[in-house]
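Enquirer: Return atomic coordinates for the entry below.
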Amino acid sequence: PVNQPQSLEQETRPWTLNPFASDHTRASGSMSMYPRRRLSATAGCRRTSGYGSPAAARPARWKYGAKARTPGELVQIDHMTHVRDGDTVKEFRAVCPVSKFMVTRVCTRATANHAQRFLRELLDALPFPLVSIQVDGGSEFMAGFEQACQALDLPLYVLPPKCPQYNGCVERANRSARIEFWNRYDGPLDVGPVQAALADYAFFYNYERPHAALDYRTPNEYLVTLEAA
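Expert: Now for the predicted structure:
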């Protein structure tokens, strides 16, 4: 039987004993990998009833009680700032609230252009179609980011001001990353080295780390089970 942890520190400690080393085995014969279902930049996105139509690609106010039902719906995006010894990097993170699958990317500034670039990478990285997006009202998610969502026919939902609790999945992932990754990372705070280390952490998070919200399965295991159902 699984011993359920009583706190976040207890939850993360047993699964962060090994460093997120780049030489770990990323795909072995014993690991069932969820099949990737990529979208091209012009393919548009699968629609689910209640989550918009082509006309809903423009930013819309998030409605209280809105909840994702299948992977790819209302994927939550946020960004964090990391500062050390005068150096600064910005980290964009996206989390699927259903599968908990996470994608992350660091950059020098949190601008709409960088957010737009992250959106393109998100489309490529997710193993399922991206259906709709949920963000706060930050300026990085306006202008070019909104235009990119329109071009991709992606419904974009904006949270009410000062309501981070409605972005709870990505906020929770941010907190986990601070404990599991950033408290341990001692390399240079440059985009290249940080992104390389974050790529290993993202693999660990998606394919090796059990999640309490998924009955102590990994996001990949959850998706494999969902595919087989």
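Enquirer: show me where this protein has strands.
Expert: 60-61, 75-84, 87-95, 102-107, 133-135, 156-158 (DSSP state E).
Enquirer: Can you tell me which of the ones you listed is nearest to Arg178?
Expert: strand 75-84 (8.0 Å; Cβ to Cβ). C-betas here are computed from N, CA, C, even on glycine.
Enquirer: Could you check that closest one and say which residues are buried?
Expert: Buried residues in strand 75-84, counted by 16 or more other Cβ atoms under 10 Å: Val75, Gln76, Ile77, Asp78, His79, Met80, His82.
Enquirer: ditto for stretch 204-213
Expert: Phe204, Tyr205, Asn206, Tyr207, Glu208, Arg209, Pro210, His211.
Enquirer: Return the residues in contact with the third one.
Expert: Contact analysis of Asn206 by Cβ atoms under 8 Å, 6 or more residues apart in numbering lists Phe101, Met102, Thr218, Pro219, Asn220.
Enquirer: repeat that for 10 Å
Expert: Asn206 sits next to 34, 99-103, 125, 127, 218-221, 223 when contact means Cβ atoms under 10 Å, 6 or more residues apart in numbering.
Enquirer: next one: the second one
Expert: Applying Cβ under 10 Å, 6+ apart to Tyr205 gives the contacts 15, 20, 95, 100-104, 173, 176-177, 180-181, 198, 211, 218-219.
Enquirer: repeat that for 6 Å
Expert: Met102 (Cβ atoms under 6 Å, 6 or more residues apart in numbering).
Enquirer: before we move on, back to that, any idea which of the strands of the chain gets closest to Arg120?
Expert: Ranking the strands of the chain by distance to Arg120, with Cβ to Cβ as the measure, places strand 102-107 first at 10.3 Å.
Enquirer: Who are the packing partners of that closest one?
Expert: The contact analysis (3 or more Cβ pairs under 6 Å, 6 or more residues apart in numbering; DSSP states H and E) places strand 102-107 against strand 87-95, helix 112-125, helix 191-207.
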